[in-house]
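Student: take a look and give me a structure for this.
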Amino acid sequence: MSMYSAFNRKNSLRALCLTGLVCGLGFNPPTMAAGESYFEGVAGLCSFNPSGMTEETKGGITFSYGLEMGYRIETDHELVNGWETLISNTRANKAGKEFYFGTATLETEIAPGSTLAGKFNFPSDANPVRGNYFGTGELEGVVVQYELVPADLSDLSDFCGAGFPPIFGAGYLMSGRVHNYETP
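Tutor: Take a look at the predicted model:
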């Protein structure tokens, strides 16, 4: 059983209540075009490498560059599963407000040698975080729109490997849409 399935089952009562509430309010999900599908799952922080970081200050604004993080992403869509390498940078203004920017590359399990890649830029207090991946190689033309909501994933004991949960339980509930992709 996948970690996403275990997490999903654990939260099924919450989902059932939410579904009842949403359906009771008359929510109708948006229609999807051909080649478009919806997904949901989790993303957990599995590695953290600050060794290549540098820092500088310009005009009272502090920049930190090159924090490398590894996220395991597991969703109910065959394409949006694998290991993401995130190179994160931080900009902190004089008032202490932080902004994150950088690149994210997801090496999918279904298309070895091809990736989903994107850039990000958001304030540290963003909730949810929204972004896009764009396909490379065999996945060229594919677009993945995603939304991340912070979640404690510490109960997923094997998510990052045998006996290893996400670092500090850090992770996200992930959902979104995949465009221009047909199941092989």
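Student: the residue of the chain positioned farthest from its centre and L156: what is the separation?
Tutor: Residue farthest from the centre of the chain, counting by C-alpha atoms, centre = their mean, is G59 at 32.5 Å. According to C-beta to C-beta, to the nearest Å, G59 stands 42 Å off from L156. For every residue, glycine as well, the C-beta is placed using N, CA and C.
Student: and if you look at S124?
Tutor: Separation of S124 from L156 (C-beta to C-beta): 24 Å.
Student: can you pull the buried residues of stretch 147-156?
Tutor: Buried residues in stretch 147-156, defined by neighbour count with 16 or more other C-beta atoms under 10 Å: L148, A151, L153, L156.
Student: could you do stretch 59-67 as well?
Tutor: S64, Y65, L67.
Student: for the second one, helix, strand, or coil?
Tutor: Going back to what we said before, that points to Y65. Assigned with DSSP: H, G, I helix; E, B strand; the rest coil, Y65 falls in the strand class.
Student: thought it was touching T54?
Tutor: Yes - contact criterion C-beta atoms under 8 Å: Y65 and T54 qualify, at 5.0 Å.
Student: can you lay out the buried residues of stretch 59-67 as CSV showing pLDDT and distance to P112?
Tutor: CSV is the format used below for the buried residues of stretch 59-67 (pLDDT from 0 to 100; distance: C-beta to C-beta, whole Å):
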residue, pLDDT, distance to P112
S64, 97, 33
Y65, 97, 30
L67, 96, 27
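Student: so what's G60 up against?
Tutor: Listed by C-beta atoms under 8 Å, 6 or more residues apart in numbering, the contact set of G60 reads N93, K94.
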